[in-house]
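**Student:** Model the structure of this input:
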Amino acid sequence: MHMRLLGTCLAAFAAALALSAPAGAATYARGLDVSHWNGSIDWIQVAGAGYTFMFAKATEGTTFSDVTYPINRAGTQGLGLRVGAYHFARPAGTDEASIAASAIAQADHFADFAQPAAGDLPPALDLETRGGLSPDNLVRWTQAWLDEVAARTGVHALIYASPNFWKTSLADTTAFAGNGNPLWIAHWTTNAAPLVPASNWGGLGWTFWQWTKCTQAAGFANCSDGDRANGPTPAPFAIKPYPAGAPAPNTPPTIVGTAKAGALLAGVPGTWNGGKPVAFTYQWQRCDAAGAGCATILGATLETYAATTADVGHALALTVTAASPAGTATASSPPTIAVAAAGSSGSTRPAVLTPPLLSGTLQVGQTLTANVGTWSGSPTAFAYLWRRCDTGGAACVAITGATASSYVLTPGDIGFTLSLVVTATGKGGSQSASAPTTAAIAAAPVPAAVVGSLAAQPGLAGAVVTDDGRATVTWQPGAVPAGTTVALAAGDTALAIPGTGVSLTLAPAQQTPLPWPVDLAYAAAPPGQVVGFSTDGKVWLPVSTLTSPALPDGIGTGAYTDGTTLHVLTRQAGQLALFRPGRWGDPRRISPHAPVVRRLTPLTATRQRDGTVLLVTRLSTSSQSHLYASVQTARPLILKRGSRLAVPLGSGSTRTAQALVLSAGGFPLRLRLAGHGLVRGALVRIRVTAIDPWGRQGAFTVSFRAP
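**Tutor:** Numbering: from 1, shown residues only. From the prediction side, this is the model:
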């Protein structure tokens, strides 16, 4: 792939013809890999000759960018060729920090220039030189490059290497196969299959095969490397669409290197959920010896940092900001130990030898305990971060306050899996490792309900039923503080459907909402009911309707139906009852506050031919109300015929008219007043009072001069 001599290609052309169709080749998609050494290429001829993919050199080291890369990308547009980019590795470094810094800098140079896109073939790392590194250090360098590309794109890059180079320079390691990095094997042979190192790449085999270094392809002035994909089309290997959204930290950044004045430290940005691709910016901070009170170090904004004499006695930390097209997010590393003076001894960063493990029963109320595993580098401290994930172990979110070596499973974990990230810190820096994600957390078994009341027990679920069996309340461990007595009693209330009232009490009373809701289930709720909740037995509020059996944060009470049973989830004690929809007392039609009566239209008062006075306006009430209109001054009678207070008043006369309105909103006020004794200019006041079903009232006074 690197700096092929044209003479060599021409000499090998005849042999390449013999390799163009080995046994089984019909099942392999045909491709090429190119660089600036190939010169100008006619990609229309290439596509017409049946080639379906190409890899193009993008970068080398930290400074070289192949000028033909964008030309080759543009030349393949619209021709049906899948495009992939590769980086020619120049491994370097003398210690762990400089090795990581070299790899990350080259990975960033590649990602910035190549910009692999969805639909492309995966980015590839071309390993042909060792840079003087031992096999162990070359493995470290390679892993750091792959990790940086994965952090920025979410893609497991390909590894290009020959069988011999892999065995001699990387000790035939199988680590990368296990990490999910596919193999692009460089084995020039007439055989039907290539040699595959690392135990057939961990049993996965090759993904791409450079089968020759010189094949004469249409569109090329000279011969080129020839490749095959392990299948009839390269499409299955293409980069999937990148996820959208802002980045979200998954595992924290870490610092590589020895905390010593004059020593190089390298930042590893960690892993990130959310949108891809991302780019990272860095800010180093100087802290006190315990890692607290951190402050920005001016100008220290690179991925690497050389500790200075000003840092001696201080711990260092690194803040990484990840930016995607949809936003940014920031995460910080654990602090180093205090920086030592130059010339003092140091240690390497901890590295996990056996991963952390979790033990315990995956059931609410039970305790999971972490075993940190085994580590090199003599770590002196461990930090813990428990995360709640989906059933596939993805989309993990840190659990607030869960930073101890053990964790008690809560009702909020039901149906989720748990992940634990352990960060080990020693004299050489910090490193993180994750325990295997658990299976989904199960609810604790609920015992048979007891009648009346029951004290909550640590680690156990509970259930209480009313003496008439109309409702049962259950709770999971942790929802109710241990020792609290939960009581459930039947008790009907006026206006509610008979046989549906229940009272839930907690003793001692809780001053704050329960951390997790209890579940009250009705044995036989009538259909179409409205659930009401009251804390004083006087004012009833409607209960929110839930779309799933989960009570969102910030909501105290909610109800849902599982198909047959009505469930009410609540974080507080109180009274519950069911109401008939649309009827007097329906909590949905009653204001949370006392009724407010307002005038909506101007008032008119006219003297009729028969001497009566007709008052016309329009008022509104904020709640379902019982309305009363009473004359306060001059005391004329209200003649019901021809009068309305929301509804026609009927016949006869009265000094106080009344009506029932079942919904909030505007209503007409049309009152015909007896004119006898009502002289012109007399002041008339009519008080309109609204009383809601809970007895709260509001009023508005209509005033006018008799016409």
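**Student:** Quick test: name the residue nearest the centre of this protein.
**Tutor:** residue 395 (5.5 Å; CA atoms, centre = their mean).
**Student:** wait, what's in contact with the closest residue to that one other than its chain neighbours?
**Tutor:** Residue nearest to residue 395 in three dimensions, not counting chain neighbours: residue 389, with 6.2 Å by CB to CB, 6 or more residues apart in numbering. Every residue, glycine included, has its C-beta placed from N, CA and C. By CB atoms under 8 Å, 6 or more residues apart in numbering, the residues touching residue 389 are 395-397, 416-419, 437.
**Student:** any idea how far residue 255 is from residue 389?
**Tutor:** 26 Å (CB to CB, to the nearest Å).
**Student:** repeat for residue 95
**Tutor:** Taking CB to CB, one finds residue 95 at 14 Å from residue 255.
**Student:** repeat for residue 385
**Tutor:** Distance from residue 385 to residue 255, by CB to CB: 17 Å.
**Student:** ok, now residue 472?
**Tutor:** Taken as CB to CB, the span from residue 472 to residue 255 is 55 Å.
**Student:** Specify the beta-bridge partners of residue 475.
**Tutor:** residue 462 (DSSP bridges).
**Student:** all numbers from here: first residue = 299
**Tutor:** Understood, numbering begins at 299; the last thing we discussed is residue 773.
**Student:** Is it in contact with residue 762, as I believe?
**Tutor:** No: contact criterion CB atoms under 8 Å: residue 773 and residue 762 do not qualify, at 9.1 Å.
**Student:** who touches both of those two?
**Tutor:** residue 784.
**Student:** Straight-line length of stretch 360-377, end to end?
**Tutor:** 31 Å (CA to CA, to the nearest Å).
**Student:** Give me the average confidence score over it.
**Tutor:** Averaging pLDDT along stretch 360-377 yields 95.
**Student:** does residue 697 really touch residue 682, like I thought?
**Tutor:** No: shown here, residue 697 and residue 682 do not form a contact pair, counting by CB under 8 Å, at 10.7 Å.
**Student:** Please say which of residue 393 and residue 553 ends up with more neighbours.
**Tutor:** residue 553 (27 against 18; other CB atoms under 10 Å).
**Student:** Beta-bridge partners for the more buried one, please?
**Tutor:** residue 565.
**Student:** in terms of contact, does it touch residue 727 like I think?
**Tutor:** Yes: with contact defined as CB under 8 Å, residue 553 reaches residue 727; the gap is 4.8 Å.
**Student:** Tell me the buried residues in stretch 862-882?
**Tutor:** 864-877 (16 or more other CB atoms under 10 Å).
**Student:** Any regions of the stretch 499-648 of the chain where pLDDT drops low?
**Tutor:** Residues of the stretch 499-648 of the chain that meet the criterion pLDDT under 70 lie in 642-645.
**Student:** For stretch 809-816, output the C-alpha coordinates as PDB.
**Tutor:** This file holds the C-alpha atoms of stretch 809-816, laid out as PDB (Å, rounded to 0.1, in the frame of the first residue of the first chain):
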ATOM      1  CA  GLN A 809     -43.000  15.300  55.000                       C
ATOM      2  CA  THR A 810     -41.800  14.800  51.500                       C
ATOM      3  CA  PRO A 811     -43.100  12.600  48.600                       C
ATOM      4  CA  LEU A 812     -42.200   9.000  48.600                       C
ATOM      5  CA  PRO A 813     -39.100   8.300  46.400                       C
ATOM      6  CA  TRP A 814     -41.100   5.700  44.500                       C
ATOM      7  CA  PRO A 815     -44.900   5.400  44.200                       C
ATOM      8  CA  VAL A 816     -47.100   2.800  45.800                       C
END
